[in-house]
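Participant: Give me a model of this one.
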Amino acid sequence: MRPREPRQLLERRRRARARVNVLPTPKAGCAPDGSVGSKQVAEVTLPRAELEAVWSAEHLERLARTYWRFLSRVSLGLLRVLYTETSREVVLLTRPFVLLRFKAPQYDFQPDRGTVTWPIDRGLLVASQGRGRGYLRLSVQRPVVDDGGPDVTATVTSEVVNFYPRIAAGIGQFLYDQTQLRLHVIVTNAFLRSLANLDLERSVVGTLSPGAPRRSPAASPGRGEP
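Facilitator: Numbering: from 1, shown residues only. Okay, the predicted model is just below:
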């Protein structure tokens, strides 16, 4: 990877509205039934006013959208996310190359915590015994103890639970660890670091936007990112 020039790094830090600290997490092992998991965690420190401005169900949905948009950008457009009323599909360029199909997201927003969960359905990367099992979850947690200072630190977590990778079932756990899992960790940590700019994408669906009519993307077989 080409190193960033000092001027570019300084400009990036100048634009940043938050400080992100990606925490080390233990590597999840493979369960006897072949399922695996992965967890990446970051502390995001930002001015209290900034947190209050984005602490809403609408911005939780926008955070979810930002995650998928980042995946598309970092893959240079090779990966796209197709939205339907009942699913989110990560495709390689287009159908029928559906790598991962998730059911519609489930949102849970509380005064101190917000989560969005995508149940894993199926896809080319999912072993047959893993269909309809496991999930991807993105969560944001406010501090349990708040000192009332001008800055506040929230914890953002990305977690994959009970995923059955096809590559591990067909070839081996080691190959999965060195390819698919390694890439997932790198991309997720990069996404967490990108939150320093607090630049959240507008939701495609807008389910949680206050006062806005629900927009159904199901008018077409699959609505991709603009």
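Participant: okay, now residue 106: neighbour count?
Facilitator: As a burial measure, residue 106 scores 12 neighbours (other C-beta atoms under 10 Å). (Each C-beta comes from the backbone N, C-alpha and C, glycine too.)
Participant: Could you find the closest non-adjacent residue to it?
Facilitator: Among residues not flanking residue 106 along the chain, residue 117 sits closest, at 4.6 Å (C-beta to C-beta, 6 or more residues apart in numbering).
Participant: Okay, and that neighbour sits in which element?
Facilitator: Per DSSP states H and E, residue 117 falls inside strand 113-122.
Participant: Not counting that strand itself, show me its contacts.
Facilitator: 55, 57, 60-61, 63-64, 87-88, 98, 100-103, 105-109, 126, 130-142, 162-163 (C-beta atoms under 8 Å, 6 or more residues apart in numbering).
Participant: In the protein, which helix is the longest?
Facilitator: helix 57-74 (DSSP state H).
Participant: any idea how far that one is from the chain center?
Facilitator: Centroid separation between helix 57-74 and its chain, computed with C-alpha atoms, centre = their mean, to the nearest Å, is 7 Å.
Participant: So what touches that helix?
Facilitator: 79-81, 88, 90, 105, 107, 109, 114, 116, 138, 140, 158, 187, 190-191, 194, 199-210, 225.
Participant: immediately after it, which helix or strand?
Facilitator: Taking DSSP H and E, what comes next after helix 57-74 is strand 79-83.
Participant: if you average pLDDT over the following helix or strand past that next one, what comes out?
Facilitator: Sequence order places strand 87-92 as the next helix or strand after strand 79-83, per DSSP H and E. Averaging pLDDT along strand 87-92 yields 95.
Participant: Output the contacting helices and strands for strand 87-92.
Facilitator: Helices and strands touching strand 87-92, by 3 or more C-beta pairs under 8 Å, 6 or more residues apart in numbering; DSSP states H and E, are helix 57-74, strand 79-83, strand 98-103.
Participant: what is the orientation angle of the shortest one with helix 57-74?
Facilitator: Yep, that's strand 79-83 we're talking about. For strand 79-83 against helix 57-74, the angle by axes from the mean of the first three to the mean of the last three C-alpha atoms, to 10 degrees is 150 degrees.
Participant: mind checking which helix or strand residue 51 is in?
Facilitator: Mapping residue 51 onto the secondary structure by DSSP H and E places it in helix 48-54.
Participant: and the residue most central in space within the chain, what pLDDT?
Facilitator: In the chain, the residue lying closest to the centroid (C-alpha atoms, centre = their mean) is residue 67, at 4.2 Å. With respect to pLDDT, residue 67 scores 96.
Participant: What of the one 10 residues further on?
Facilitator: What the model reports for residue 77 is a pLDDT of 92.
Participant: just residue 201 next, same as before
Facilitator: Residue 201 is given a pLDDT of 91.
Participant: which stretches of this protein form strands?
Facilitator: Using DSSP state E, the strands found in the chain span residues 19-23, 36-47, 79-83, 87-92, 98-103, 106-109, 113-122, 135-141, 151-163.
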